[in-house]
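Chemist: no sequence for this one, just the structure:
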Ligand SMILES: Nc1ncnc2c1ncn2[C@@H]1O[C@H](COP(=O)(O)OP(=O)(O)OP(=O)(O)O)[C@@H](O)[C@H]1O
Ligand SMILES: [Mg+2]
């Protein structure tokens, strides 16, 4: 089957610096793929290119066979920005319902369900500006889930959440993938990496690993992913 | 453009406004207070309030909407909601027209209240009807919205955004014929005044002040304002980029 996301020779420059160096990867449909890498390595930039809001220098990004950012695609993709992007002067429910209304056939009941899914049912009537940091991040996540998109791009969705909530959210991502949604999640937390079907590791804008978690462990001869990544990143540093 | 998205976005912007009590107060109360101030300033000079008060009914909505819109749009940019909206099915024109509509509605409320106070409490006297005054005030407010949307594209912070005020708004107030009749200006000043849209709003208001029924000049002036709104919104759409660096 054709992959959900296909990135080919992607070059991105931001502020005159080259941020992605001819990066290529493909992400299979109906899977959870983890995007990992040190801070500043280009994770957000790659995600922005996939949702079609990043100016790219060269290379192509196709999603579901269409050029990234094209109009029909925008009805099928959900994007969670790294910093919560919701309206602070609206309530959680109003935010979710507003984002729901931008999609065809998505109702306010779907919006309320998305709010409940992220554990904010009790805070639904509260202004987003009055929420805690973690709650605000979940309000933002609800707005990305609301349209039940085919492709879900989540930039650090579990930052600032407690272990119970994190576990709950990951179960949801897995359940969505089981139903055919393609989920791309960036993360800093290594124990989350093991819950992915596939991992992409980038360092300074270059892909240094693209494999299943088990295969990465086997390839590096390490016991856990944290050690595996340290190993891969240090090996890369020796080469360069 | 998509009517469902346009309607939902207009409603969302109005809802944000409603949650923001202080801005509502700014919209409704401040023009009334300033009108009262002008009234008492010229209390002993007959006929002046009929002139200046009338023009101010057009100037206030323009200025206030310009300011509010440029900040609101800038906030969409800096809080990331704009980036997110651009990944949804929303078109750029949906967003821009929604701002025009939402603040147009707010301007209608504002102009109705300010005009009511001006006519019935402060004794404003015009030959033409109050309905035309409100209509011109709304058109001028939407012009302020359009210019605010355009200017916000050129600022990165709220600090920069408010600096467009003296550049965009003040010259229009100075040259619109309020302080010096346009016919008495130096030729080059009148030429500048001719290309500033506020000039036509003020001219239209003065027509209402001196003529019992709507004149051809008034309708032409309104058409010019609406034309400027459309051109400005088109420019704003062109400067709004889906992809950014
Ligand atoms: N708006 C911008 N203008 C210029 N350069 C930028 C901009 N945003 C990011 N960069 C640069 O691009 C590079 C990659 O940034 P990016 O945000 O993609 O990293 P990241 O992997 O998401 O990091 P983090 O884990 O900290 O979120 C960094 O070196 C950063 O300095
Ligand atoms: Mg990032």
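Modeler: Okay, I see it. Keep in mind the model is a prediction, meaning the values are calculated, not measured. Ligands and ions are numbered 1, 2, ... in the order given.
Chemist: quick one: the residue of chain A found nearest ligand 2 from residue A:20, how far?
Modeler: Closest contact between chain A and ligand 2, by Cβ to the ion, is at residue A:44 (3.2 Å). All C-beta spots, glycine's among them, are computed from the backbone N, C-alpha and C. To residue A:20, residue A:44 is 11 Å away according to Cβ to Cβ, to the nearest Å.
Chemist: same thing with residue A:125?
Modeler: 42 Å.
Chemist: these two: who's more crowded?
Modeler: Neighbour comparison, residue A:125 and residue A:20: the larger count goes to residue A:20, with 26 against 10 (by other Cβ atoms under 10 Å in any protein chain shown).
Chemist: does the host helix or strand of the more buried one reach ligand 1?
Modeler: Per DSSP states H and E, residue A:20 falls inside strand A:17-27. Yes - under the criterion of Cβ under 6 Å from any ligand atom, ligand 1 is reached by strand A:17-27 at residue A:19.
Chemist: partner strands of that strand, with direction?
Modeler: strand A:5-14 (antiparallel) (DSSP bridges).
Chemist: now the strand it pairs with, how far from the centre of its chain.
Modeler: Strand A:5-14 has its C-alpha centroid displaced from the chain centroid by 16 Å (Cα atoms, centre = their mean, to the nearest Å).
Chemist: ok, now stretch A:27-38?
Modeler: 8 Å.
Chemist: mind listing residues that contact that stretch?
Modeler: Residues from elsewhere that reach stretch A:27-38 (Cβ atoms under 8 Å, 6 or more residues apart in numbering or on different chains): A:1-6, A:43, A:46-47, A:173-174, A:177-188, A:190, A:192-193, A:195-203, A:229, A:233.
Chemist: buried by neighbour count: which residues of that stretch qualify?
Modeler: A:27, A:29-37 (16 or more other Cβ atoms under 10 Å in any protein chain shown).
Chemist: for those, which one is nearest residue B:71?
Modeler: residue A:35 (34.7 Å; Cβ to Cβ).
Chemist: shaky segments in chain A?
Modeler: A:238-240 (pLDDT under 70).
Chemist: just the ones of the buried residues of stretch A:27-38 in strands?
Modeler: Those of the buried residues of stretch A:27-38 mapping onto strands are A:27, A:32-36, per DSSP state E.
Chemist: give me the neighbour count for residue 136.
Modeler: I'll assume chain A. Neighbours of residue A:136 (other Cβ under 10 Å): 20.
Chemist: right idea, wrong chain: chain B
Modeler: The number of residues near residue B:136, taken as other Cβ under 10 Å, comes to 27.
Chemist: look up how far ligand 1 lies from it.
Modeler: The gap separating residue B:136 from ligand 1 is 42 Å, by Cβ to the nearest ligand atom, to the nearest Å.
Chemist: give the helix, strand or coil label for residue B:46.
Modeler: coil (DSSP: H, G, I helix; E, B strand; the rest coil).
Chemist: for it, phi and psi?
Modeler: phi -60, psi 140 (degrees, to the nearest 10).
Chemist: which parts of chain B are helices?
Modeler: Secondary structure of chain B (DSSP state H): helices at B:3-19, B:21-41, B:48-78, B:81-85, B:92-116, B:130-152, B:158-162, B:164, B:170-175, B:187-195, B:198-210, B:216-239.
Chemist: equivalent analysis for chain A, please.
Modeler: Counting by DSSP H, the helices of chain A are A:43-51, A:71-74, A:92-101, A:108-117, A:133-145, A:163-178, A:190-193, A:213-220, A:225-239.
Chemist: figure out which of those is closest to residue B:125.
Modeler: Per Cβ to Cβ, nearest to residue B:125 of the helices of chain A: helix A:92-101, 44.3 Å.
Chemist: and that closest one, anywhere near chain B?
Modeler: Yes - under the criterion of Cβ under 8 Å from any Cβ of the partner chain, chain B is reached by helix A:92-101 at A:94, A:98-99, A:101.
Chemist: so which of the ones in strands among the buried residues of stretch A:27-38 comes closest to residue A:151?
Modeler: residue A:27 (8.8 Å).
Chemist: that closest one bridge partners, please.
Modeler: Assigned bridge partners for residue A:27, using DSSP bridges, are residue A:5.
Chemist: let me know whether residue A:199 touches residue A:208 as I believe.
Modeler: No - using Cβ atoms under 8 Å, residue A:199 is not in contact with residue A:208; the gap is 10.7 Å.
Chemist: between these two, who's got more neighbours?
Modeler: residue A:199 (23 against 17).
Chemist: any idea how far the more buried one is from residue A:234?
Modeler: 17 Å.
Chemist: residue B:19 too?
Modeler: Distance from residue B:19 to residue A:234, by Cβ to Cβ: 51 Å.
Chemist: next: residue A:200.
Modeler: 18 Å.
Chemist: these two - which one has more neighbours?
Modeler: residue A:200 (23 against 10).
Chemist: OK, contacts around the more buried one?
Modeler: A:25, A:27, A:33-36, A:207, A:209-210.
Chemist: show me which of these neighbour ligand 2.
Modeler: Among the contacts of residue A:200, no residue is within reach of ligand 2 (Cβ under 5 Å from the ion).
Chemist: pLDDT of stretch B:148-161, averaged?
Modeler: When pLDDT is averaged along stretch B:148-161, the result is 91.
Chemist: show me what the helix or strand bottoming out on mean pLDDT in chain B is packed up against.
Modeler: Within chain B, judged by mean pLDDT, DSSP states H and E, the helix or strand with the poorest mean is helix B:158-162; its value is a mean of 90. With contacts defined as 3 or more Cβ pairs under 8 Å, 6 or more residues apart in numbering or on different chains; DSSP states H and E, helix B:158-162 has these neighbours: helix B:48-78.
Chemist: residue B:83 reaches residue A:81, doesn't it?
Modeler: Yes - counting by Cβ under 8 Å, residue B:83 does reach residue A:81; the two are 6.3 Å apart.
Chemist: in terms of neighbours, single out the busier of these two.
Modeler: Comparing residue B:83 with residue A:81 by other Cβ under 10 Å, the one with more neighbours is residue A:81, at 24 against 20.
Chemist: measure that one to residue A:143 for me?
Modeler: 10 Å.
Chemist: what do those two both touch?
Modeler: Contacts common to residue A:81 and residue A:143, judged by Cβ under 8 Å, 6+ apart, are residue B:84.
Chemist: residues contacting the residue in chain B positioned nearest to ligand 1?
Modeler: The minimum distance from chain B to ligand 1, using Cβ to the nearest ligand atom, falls at residue B:245 (6.1 Å). By Cβ under 8 Å, 6+ apart, residue B:245 lies in contact with A:13-15, A:54-55.
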